[in-house]
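[1] generate coordinates for the sequence data below:
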Amino acid sequence: MNAFFMNELHLESSPYLLQHSTNPIFWKAWNENTLATALKENKLILVSIGYAACHWCHVMEHECFEDEDVAQLMNASFISIKVDKEERPDVDAIYMKALQMMTGQGGWPLNVVCLPDGRPVWGATYVNKENWINTLAQLSKIYQENPVKVIEYAEKLHEGLTSLGIVAHNTHLDEFPFENIHVLVKKWQKSFDLEYGGYTRAPKFMMPSNLDFLQCYGFTFKNDDVINHVDLTLTKMAFGGLFDTLGGGFSRYSVDMKWHVPHFEKMLYDNAQLISVYADAYKRSHNPLYKEVIEKTIAFIKEGLTDNHGGFYASLDADSLDKNNHLEEGAFYVWTKTELESILKEDFNLFAEVFNINPFGFWEHDNYVLIQKESNTEIAQKNGISVGILIEKKKNWENKLLEIRNKRPKPRLDDKRITSWNALMLKGYANAYAALGNTTYLDAAKKNASFIMENLWASNGHLWHSFKNDSAKIEGFLEDYAFTIEAFIRLYQVTFNTEYLLNAKQLTDYCLEQFYDEQQQFFAFTARNAAQLIAPHFEVEDNVIPAANSVMASNLHVLSILFHNTYYEKLVNQMLHHITIKIDYASAYSNWMKLWMSKNIGKELAICGENAVNELSKVNSEFHPNLIIAGSTKNSSLPFLNHRFVPNKTLFYLCENKSCLQPENSFENIKSKI
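    Purely as a prediction, here's the structure:
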C-alpha cells in the first residue's frame, strides 16, 4: 500500500505533524483509535514528540524519519505516533517526566518507546540513524523474547511516574515564614551571571517569570543588587543576537553565555511574556532601550504572528531557505561581512563597531549575528559624535537591512493559534498599553479577547486549546484557563470593563468544577471529564512559562479580593501552604513567590468616579508591584466597589487586609502609602 496513505498525518492540521506527513514512516496521531490498535496488535508504541520550530526535530527527521531503512524497522515492529507538543502539552508533560526519570535529561525531539498500554520503557532526545536503528531493534527483540522483563521495568517506572505526579502536602500547621523569601533570593543570587546577566550557564534561556519576580522583589525591598542584575539581563538580551534588532522579537534561547547565537526559532509565548517584563521595566526606569524593545517586538508580532481576526500564531521556524534553496538554520537572519560592506559603504566601519562585525559577533561559515556590546552613549563618545546622530544612523541602517532581509525567503510559520499563548500575548498588549499609553496596543488586546470569546470558548462553557483552518480542536487544558483568566483580569485592570472580570470569574468556576482535586488541593492539568493518561499531572513548578497552578492561585487571590470570595481565599492559602515549604531553588517557583509577596505585603486600590478611567491610565503608567487595582465610572455591583461611588467625585481607596484608609481625591495623596 502507498506509504502516504499508511502515514495518517496528512489528515491532521498541525504544521508540525504535516511536516512529517510525507515520511515513509506509518505515523499515526495520538488518539483513542491509535492506542486501541496498539493494544489489539500487542505492539510496542513509539511516541515521538516535537514542535514545528524545533531545529533538532528537523535534523532527526532528515536523518532518521525520511530514511527507508529506519521506516522498514519502525513500520514492522512499532505503532509509531507523532505528537505536536504544543497541541498536546499533557502527553508531552507525562513522557518528559518519564524521560527525565530514565536519563536525567529532557528536551526535544522527545522519543519514548512504550508498552502497548502506553507505559514507557525507554526514552531519548535526538538520536542519530545508526544508534536509532540499533536501539529500536534491540527493544523489539527483547520485547518479543522476554516481555516479562520489559513489563517489570515499565511497572516500576510507572509507579515512579504516578508518585511524581502527586504534590506532597505540608502537614505542619504553621505557615512557612515570609521572611525566608530573603534567604531564598540570596541563595538564588549565587547563580547570577554578573557579566551578561541571566545565569552562569549555556544554553541560556530568558526565563521571563524569573525576571518578573526579581524585578518586583528588588524594587519592593530596594535591593539594588537584584535590580541591577535584572537591568543587566534585560540590557544584554536587548543588545542582539537573541533579540532581532532589525525586525524585533526574541528567539527561544542562546547556545552561548552572551545571548549571541540562538537557534533562531521565535515563539509567541516568549515574546508575549517579555513584552510584559520590559513594560514593567520601562515603567520603573524609563530606559529608552526598553521602550524600543517593546515597540520592535510588538511590530514583529503584528507583522509576523497576527491573523486577520486578532488571533496570534504559534511560532516562526529556526530554519529558512538559503541562497542554494536549502533549509538552513538562521539563514534569514545572518549576514556576511561582504554583504554588509556593499550595503553600508562609508558607514560600514561605524556599523561594524556598533554591531560587532568582528570576532565577538562572528558565528560560523562567514556569517555574523548582529550583537551590540556597548551602549549607544559609550560608542558615540568613542567616535566623537552625538548620541542622537548615532541613534538616527542606527535606525537608518536597520531599516535598510530590514528592507533587504524581507526579500529573503521567510522562516516557516506555525499558524495554529494556542489559547494559553494567545492569552499571554493579550496580557502583553495590555501591559504595553499601560506602560506606553499607545491605544493601538489596547485595541489589539481587545480584539484578541473577542477572538478568544468567539472562537475558543464553547457554548457549553469549556475552552478549546487550539485553532486552525477556522476550526477549534482539543478541549482546553488547565494552562488555557489559567492564562485566559489572568489575561481577562489584566484587561479589566486597564479598562475597568467589568465584562472581562465576569468572564474571568465564570472560567474560574468552570475550572473549580472540572480541574480542582479536593484531595490534592491543586488543579489537575487535564479536566476530569477528558480522557486520562497513564499518570496524573499537577503542574506546580514554574519554568519558561509559569506553572498553571501558580497562575490559577494568583487568579484566585485577585478574584477573592474583588468578589469577597472566602472560598477562593481558602484555596489560595492551602496551595501556598503546600508550596512554600517545598521551595529550595527559588527559580523553579518564581511565580509562586510573586504571589507569596502579594499575599503578605500587597495592597488594593479602588478608583471610583466619572474620571476613573483617565486616572487609571496615570496609575498604570507607574510601576506598582503588589497592587491590585479595581474601579468604576458608576455605581458597581462588584463587592469590592460596593458603596464607593460618589457622584461628581473621583475617589481613591487604598486597602490592606480588608481594611481601607479614608478615601482621597488624588492618587498623589496616597502614593507614598502603597
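
[2] element containing Asn591?
    helix 590-601 (DSSP states H and E).

[3] can I get that helix in PDB, CA atoms only?
    In PDB, the C-alpha atoms belonging to helix 590-601 read as follows (Å, rounded to 0.1, in the frame of the first residue of the first chain):
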ATOM      1  CA  SER A 590       9.200  32.400  40.900                       C
ATOM      2  CA  ASN A 591       5.600  33.000  40.100                       C
ATOM      3  CA  TRP A 592       4.600  31.400  43.400                       C
ATOM      4  CA  MET A 593       7.000  33.700  45.200                       C
ATOM      5  CA  LYS A 594       5.400  36.700  43.500                       C
ATOM      6  CA  LEU A 595       2.000  35.600  44.800                       C
ATOM      7  CA  TRP A 596       3.600  35.000  48.200                       C
ATOM      8  CA  MET A 597       4.700  38.600  48.200                       C
ATOM      9  CA  SER A 598       1.300  39.800  47.200                       C
ATOM     10  CA  LYS A 599      -0.400  37.800  49.900                       C
ATOM     11  CA  ASN A 600       1.900  39.200  52.600                       C
ATOM     12  CA  ILE A 601       2.600  42.800  51.600                       C
END
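
[4] quick check: what element follows that helix along the chain?
    Once the chain leaves helix 590-601, the next helix or strand it forms, by DSSP H and E, is strand 603-609.

[5] list the buried residues of the helix holding Asn591.
    For helix 590-601, the neighbour count (16 or more other Cβ atoms under 10 Å) marks 590-599 as buried. C-beta: built from backbone N, CA, C; applies to glycine.

[6] now stretch 487-498
    For stretch 487-498, by 16+ other Cβ under 10 Å, it's 487-496, 498.

[7] grab the nearest non-local neighbour of Glu328.
    Once flanking residues are discounted, Glu328 sits nearest to Asp322: 4.3 Å by Cβ to Cβ, 6 or more residues apart in numbering.

[8] what does Ala53 give?
    Glu265 (3.5 Å).

[9] show me where the stretch 101-250 of the chain has its helices.
    129-145, 147-164, 180-189, 208-220, 224-238 (DSSP state H, counting those that start in this stretch).

[10] just how off-centre is the longest one within its chain?
    Looking back up the chat, that one is helix 147-164. Put simply, helix 147-164 sits 32 Å off its chain's centre (Cα atoms, centre = their mean, to the nearest Å).

[11] repeat for the fourth one
    Taking the mean of its C-alpha atoms, helix 208-220 sits 16 Å from the chain's own mean (Cα atoms, centre = their mean).

[12] cool, and the first one?
    Using Cα atoms, centre = their mean, the mean C-alpha position of helix 129-145 is found 36 Å from that of the whole chain.

[13] before we move on, the earlier item: just the buried residues of helix 590-601 now: which is nearest Tyr282?
    Closest approach between those and Tyr282, by Cβ to Cβ: Lys594, at 18.8 Å.

[14] isn't the closest one right up against Leu211?
    No: between Lys594 and Leu211 there is no contact under Cβ atoms under 8 Å: 11.1 Å.

[15] now Asp480. Nearest residue, chain neighbours left out?
    Closest residue to Asp480 apart from its sequence neighbours, by Cβ to Cβ, 6+ apart: Thr419 at 4.1 Å.

[16] report the contact partners of the one you found.
    Residues in contact with Thr419 (Cβ atoms under 8 Å, 6 or more residues apart in numbering) are 452, 456, 463-467, 476, 480, 483-484.

[17] and Leu413, by the same measure?
    15, 304-305, 313, 315-317.

[18] ok, now with 10 Å
    Residues in contact with Leu413 (Cβ atoms under 10 Å, 6 or more residues apart in numbering) are 15, 52-53, 304-305, 313-317.

[19] just Ile674 next, same as before
    Each residue near Ile674 by Cβ under 10 Å, 6+ apart is listed here: 602-603, 605, 619, 622, 624-627, 654, 656, 667.

[20] any buried residues in stretch 510-528, and which?
    Those buried within stretch 510-528 under the rule 16+ other Cβ under 10 Å are 510-511, 514-516, 520-527.

[21] circling back: quick one: which of the contacts of Leu413 has the most company?
    Neighbour counts for the contacts of Leu413 peak at Ser315, which has 30 neighbours (criterion: other Cβ atoms under 10 Å).

[22] in which helix or strand does the nearest residue to it once chain neighbours are set aside reside?
    Nearest non-adjacent residue to Ser315, counting by Cβ to Cβ, 6+ apart: Ala53, 4.2 Å away. For Ala53, there is no host helix or strand (DSSP H and E).

[23] I am finished for the moment; much appreciated.
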